[in-house]
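Student: got a predicted model here, sequence first, then my questions.
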Amino acid sequence: MSKAALETLKAVNYDVTQEALVKNVNEDLQKVAKEESLKQLAEWEANQKKAQLEEDHDEFDDMDDDPVLQQLQQKRLNELKSRQQLEKQFHAQGHGEYREIIEEEFLKEVCGSPYVVVHFYHPEFFNCKVVDKHLRILAPKHLACKFVTLNAEKAPFFVTKLAIQMLPTIMVFKDGIKIEQLIGLDELGGKQDFRTEVLELWLSKQGCISISKAKERKALQAHHDSDSDCCHSDSD
């Protein structure tokens, strides 16, 4: 994220009326965050694809005199360096891990990154622990999105403002604004043993993460298998 974007994000007064989150977070922040979001995601996706083609540059040791291979090698090294810098930036913003936050940190966390996934949970609900397991797997895989969890019992203000009535609830925020939510496990097959790919597919449809076509097909098949199992179970 550019220095100007960081300055803008830091300048936002997170102590303003909290209801601004539900209605509209500062227009300037949204504009900067949107621009940075598109830029970051584009860079991240491009580098992820190119990273698959990277090989140990030692293989070119015997071809040092070939200018084309030298250019290719340098290009790959530059791309790797750029990707490492982007990864470092994401980690500095709290990406790359599944973290628990408290209500007082909610606005800062949600507004501090272009895409944020928040899991509202109850410590005694088993379904919430199931969701925790899958989000903990997904967080390191999708560095461009921030993944956090919040104890609903200790966040009464946002539970009320966001009209949360059932747990687990997963909310997706873009530029500080809620764009979608997943309530319970019904959309994931309605079973506690759903596969991580099914949740990953749902998140990709909301635009907060990107997955390959192969992963999408695998997730769709997993979802189909889960639905089939439910149907057989109901008929037994």
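Tutor: Sure, I can see it.
Student: for stretch 136-147, how far is the first residue from the last?
Tutor: 8 Å (Cα to Cα, to the nearest Å).
Student: buried residues, it. List them.
Tutor: By neighbour count with 16 or more other Cβ atoms under 10 Å, stretch 136-147 contains the buried residues 138-139, 142-147. No exception for glycine: its C-beta is placed from N, CA and C like everyone else's.
Student: before we move on, what about stretch 143-160?
Tutor: Those would be 143-152, 155, 158-159, for stretch 143-160 by 16+ other Cβ under 10 Å.
Student: just give me the closest of the buried residues of stretch 136-147 to Gln192.
Tutor: Nearest to Gln192 among these, counting by Cβ to Cβ, is Leu138 at 17.1 Å.
Student: quick one: low-confidence ranges for this protein?
Tutor: Along the chain, the parts satisfying pLDDT under 70 run over 1-66, 68-70, 74-75, 77-84, 86, 223-236.
Student: where exactly do the strands run in it?
Tutor: 98-101, 115-121, 146-151, 169-174, 177-183 (DSSP state E).
Student: nearest to Arg217 among those would be which one?
Tutor: strand 177-183 (21.2 Å).
Student: need the strands of the chain in TSV (columns: distance to Lys213).
Tutor: Formatted as TSV, the strands of the chain follow (distance: least, Cβ to Cβ, whole Å):
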stretch	distance to Lys213
strand 98-101	26
strand 115-121	21
strand 146-151	23
strand 169-174	22
strand 177-183	22
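Student: deepest-packed of those strands, please.
Tutor: Mean neighbour count (mean count of other Cβ atoms under 10 Å) peaks for strand 115-121 among the strands of the chain, with a mean of 24.
Student: which elements pack onto it?
Tutor: Judged by 3 or more Cβ pairs under 8 Å, 6 or more residues apart in numbering; DSSP states H and E, strand 115-121 is in contact with helix 106-111, helix 126-138, strand 146-151, strand 169-174.
Student: which one of these lies closest to Glu200?
Tutor: Once the helices and strands packed on strand 115-121 are compared by Cβ to Cβ, helix 126-138 is nearest, at 5.9 Å.
Student: buried sites along that closest one?
Tutor: 128, 130-132, 134-135, 138.
Student: give me every residue that touches the residue nearest to Glu100 when sequence neighbours are not counted.
Tutor: Spatially, and ignoring its direct neighbours in sequence, Glu100 is nearest to Thr149 (5.1 Å; Cβ to Cβ, 6 or more residues apart in numbering). If you count contacts by Cβ atoms under 8 Å, 6 or more residues apart in numbering, Thr149 has them with 98-101, 118-121, 132, 135.
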